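A.B. asks: mind looking at a prediction? Sequence and model below.
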Amino acid sequence: MLEALRNAFRLPDLRRKLLYTALILIIYQFAAHVTVPGVDRGALDTLFEEDETGFLSVLNLLSGGAVSNFSVIANGVYPYITASIILQLLIPIIPRLEALSKEPGGRQKIDRYTYYLAIPMAALQAVGQVNIFQSQVNQISNETLIPGFGFGSDADLLTTLSVVITMTAGTMFAIWLGNLITEQGIGNGISIIIFAGIVSRVPANLYQLLQTHFVFNIIVFVVLTLVTVAVIVMIQEGTRRIPVQYGKRVRGRKVYGGGTTHIPLKVNTAGMIPLIFAQSIVAFPGLVAGFFSGDTARQIQDIFNNQQGFIYWFLYFVLVVGFTYFYTGVMIQNQNLGENLQKNGGFIPGIRPGRRTQDYINRIVNRITLVGALFLGGVAVLPGIMQLVQRLVLGEAAIGRNPALVISSAGLIIVVGVVIDTMRQLEAQLTMRNYDGFM
């Protein structure tokens with residue numbers, strides 16, 4: 001692999017792509033330290049110091065440190081991802097969108113609609129993120145995160161608009177940087193941006209983890225990371241191959257078609273999208289409870305905002321499993337494999353073309369998705385399992401930072417996926433120039 005890296009830097013065009021990608025990532029990290037105007041740094045620092053459960057640390061990890069600084073890019077590129085998911089779900093529901101996706105140039109138009117939808121999604125996320133942080137600050141002290149922000153009678157409209165517009169512009173700037181990497185660098189730009197944000201926070205998180213219970217935490221972290229990475233690679237790369245045959249067509253004296261191939265069905269077709277869905281849903285009760293006072297509201301906030309107790313982790317697991325089946329079903333339906341095979345003269349041996357083929361594929365997908373759903377569910381509740389292990393081994397009074405949150409399991413899925421995808425792209429570039437590849 002090191003030899004392949006040296007070969008990559010020897011090629012001028014490939015070296016330029018790698019250096020260009022690195023430059024864009026440096027710019028992104030600089031932007032992650034530009035704070036939104038009007039933020040009370042004292043209240044923000046107090047909030048992260050009191051973050052015992054690591055919920056805010058996970059958000060900060062996935063944003064590359066932008067959340068702890070309440071940067072202009074604190075939303076990251078997630079509004080774009082949310083907009084993309086929404087349109088993917090709407091395509092099979094709205095006939096006009098489904099017809100547009102099949103037209104020449106239709107995908108480019110849908111991509112443009114995704115950018116348009118990302119703007120209001122970024123504005124909504126900015127408002128929601130400020131409100132969530134403010135409710136957390138109110139539980140700790142009487143400080144105000146951004147004085148004047150809000151929509152009440154005592155709010156400053158100019159302050160509110162400036163914060164929302166600034167954070168929305170920061171999101172679109174981050175998306176633009178990702179597109180520059182896709183066009184002129186190496187790998188998928190949006191994924192690379194998220195990957196760099198996760199990796200950049202690992203040294204600081206690891207340093208904080210090892211401040212207490214060094215031996216226990218370092219052993220748990222190393223074992224947990226190695227095992228998790230191995231399982232992620234095995235599940236993410238696992239596929240079920242369905243054999244497909246194509247009939248021969250005779251035109252005049254020539255024979256066209258024929259041959260055998262296969263349809264690769266991934267064990268985890270949904271990726272980490274179910275984790276994002278489930279996290280959004282499971283955080284909603286705590287957000288609503290933040291607008292009320294009383295013991296019941298405080299208990300709901302402890303369960304859903306502070307990630308405490310069996311109810312939270314059980315609900316999170318069930319939602320992840322359910323969303324995995326739902327999103328995988330939508331993805332398979334959008335591909336319409338049975339109809340496409342029939343149009344191209346392909347068939348699965350022993351299965352009638354058309355509807356029977358689609359039903360057969362759906363049955364197989366439902367079976368293999370069970371493994372992927374349980375895998376994602378286990379990934380989701382891994383921090384909760386580590387909380388339990390810490391209580392059993394170290395006792396209630398000795399609980400420190402969670403080793404599962406140095407690199408969250410969801411973050412590891414992103415990191416492993418981006419590394420594999422980027423290595424394959426570099427391998428393809430080197431193979432075209434007769435070098436040995438990475439894989």
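C.D. replies: Yep, that arrived.
A.B. asks: for the stretch 151-300 of the chain, give me the ranges with low pLDDT.
C.D. replies: Within the stretch 151-300 of the chain, the stretches with pLDDT under 70 are 152-153, 248-258, 280, 283-284, 286-293.
A.B. asks: how's this protein carved up into domains?
C.D. replies: With domains defined by automatic domain parsing, the chain comprises 1-211+408-439, 213-400.
A.B. asks: switch those over to CSV; also include mean neighbour count.
C.D. replies: Glycine gets a C-beta too; all of them are placed from N, C-alpha and C. Formatted as CSV, the domains of the chain follow (neighbours: other C-beta atoms under 10 Å):
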stretch, mean neighbour count
domain 1-211+408-439, 17
domain 213-400, 16
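A.B. asks: what about G197, distance to N334?
C.D. replies: 29 Å (C-beta to C-beta, to the nearest Å).
A.B. asks: cool, and L177?
C.D. replies: 28 Å.
A.B. asks: the stretch 1-150 of the chain: helices as residue ranges?
C.D. replies: Counting by DSSP state H, counting those that start in this stretch, the stretch 1-150 of the chain has helices at residues 2-10, 12-31, 41-49, 55-62, 78-90, 95-102, 106-140.
A.B. asks: out of those, which gets the lowest mean score?
C.D. replies: Note on the helices of the stretch 1-150 of the chain: helix 55-62 shows the lowest mean pLDDT, a mean of 68.
A.B. asks: and the strands in the protein?
C.D. replies: Under the criterion DSSP state E, the chain contains strands at 239-246, 248-251, 254-257, 260-266, 346-347.
A.B. asks: who are the packing partners of the first one?
C.D. replies: Right, strand 239-246. If you count contacts as 3 or more C-beta pairs under 8 Å, 6 or more residues apart in numbering; DSSP states H and E, strand 239-246 packs onto strand 260-266, strand 346-347, helix 355-394.
A.B. asks: one more time with 10 Å, if that's ok
C.D. replies: strand 254-257, strand 260-266, helix 337-343, strand 346-347, helix 355-394 (3 or more C-beta pairs under 10 Å, 6 or more residues apart in numbering; DSSP states H and E).
A.B. asks: then the fourth one?
C.D. replies: When contacts are defined as 3+ C-beta pairs under 10 Å, 6+ apart, strand 260-266 packs onto helix 214-237, strand 239-246, helix 310-335, helix 337-343, strand 346-347, helix 355-394.
A.B. asks: pipe the ones you listed into CSV and attach distance to I263 per row.
C.D. replies: Shown next, in CSV, are those (distance: least, C-beta to C-beta, whole Å):
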stretch, distance to I263
helix 214-237, 16
strand 239-246, 4
helix 310-335, 10
helix 337-343, 7
strand 346-347, 9
helix 355-394, 7
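A.B. asks: of the ones you listed, which is nearest L145?
C.D. replies: In terms of C-beta to C-beta, the element of the helices and strands packed on strand 260-266 nearest to L145 is helix 310-335, at 24.4 Å.
A.B. asks: now do that closest one and helix 95-102, the angle between them.
C.D. replies: Going by axes from the mean of the first three to the mean of the last three C-alpha atoms, to 10 degrees, helix 310-335 is angled at 60 degrees with respect to helix 95-102.
A.B. asks: quick one: distance of helix 310-335 to the chain centre.
C.D. replies: Centroid separation for helix 310-335 versus its chain: 14 Å, with C-alpha atoms, centre = their mean, to the nearest Å.
A.B. asks: just want the angle from it to strand 260-266.
C.D. replies: 150 degrees.
A.B. asks: my read: V222 touches P403, true?
C.D. replies: Yes - under the criterion of C-beta atoms under 10 Å, V222 makes contact with P403 at 9.2 Å.
A.B. asks: let me see the contact set for the residue lying closest to T422 once chain neighbours are set aside.
C.D. replies: Nearest residue to T422, sequence neighbours excluded (C-beta to C-beta, 6 or more residues apart in numbering): G187, at 4.2 Å. Counting by C-beta atoms under 10 Å, 6 or more residues apart in numbering, G187 touches 17, 21, 178, 181, 195, 418-419, 421-426.
A.B. asks: among these, which are in helices?
C.D. replies: Those of those mapping onto helices are 17, 21, 178, 181, 195, 418-419, 421-426, per DSSP state H.
A.B. asks: what's the closest of those residues to F347?
C.D. replies: R424 (30.3 Å).
A.B. asks: and the closest one, how far from M331?
C.D. replies: 21 Å.
A.B. asks: contacts only, for the closest residue to I192 other than its chain neighbours.
C.D. replies: Distances taken as C-beta to C-beta, 6+ apart place I181 nearest to I192, at 5.2 Å, with adjacent residues excluded. Listed by C-beta under 10 Å, 6+ apart, the contact set of I181 reads 17, 20-25, 28, 187-193, 196.
A.B. asks: wait, which of those residues is closest to I218?
C.D. replies: Of these, the one sitting nearest to I218 (C-beta to C-beta) turns out to be A196, at 24.9 Å.
A.B. asks: my guess is the closest one contacts A66. True?
C.D. replies: No - judged on C-beta under 10 Å, A196 makes no contact with A66 at a distance of 11.5 Å.
A.B. asks: spit out the residues that contact those two alike.
C.D. replies: With C-beta under 10 Å, 6+ apart, A196 and A66 have common neighbours Y28, Q29, A32.
A.B. asks: output these as JSON lines; include the columns distance to R367.
C.D. replies: Below are those laid out as JSON lines (distance: C-beta to C-beta, whole Å):
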{"residue": "Y28", "distance to R367": "41"}
{"residue": "Q29", "distance to R367": "43"}
{"residue": "A32", "distance to R367": "43"}
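A.B. asks: I figured E98 hits I91, correct?
C.D. replies: Yes - contact criterion C-beta under 10 Å: E98 and I91 qualify, at 5.4 Å.
A.B. asks: any common contacting residues for those two?
C.D. replies: Residues within reach of E98 and of I91 at once, by C-beta under 10 Å, 6+ apart, are N334.
A.B. asks: returning to that earlier point: quick one: which of the helices and strands packed on strand 239-246 is nearest G309?
C.D. replies: helix 355-394 (9.1 Å).
A.B. asks: now the residue most central in space within the chain: closest residue in space that isn't a chain neighbour?
C.D. replies: Among the residues of the chain, the one closest to the centroid is M272, at 5.4 Å (C-alpha atoms, centre = their mean). Among residues not flanking M272 along the chain, I413 sits closest, at 4.7 Å (C-beta to C-beta, 6+ apart).
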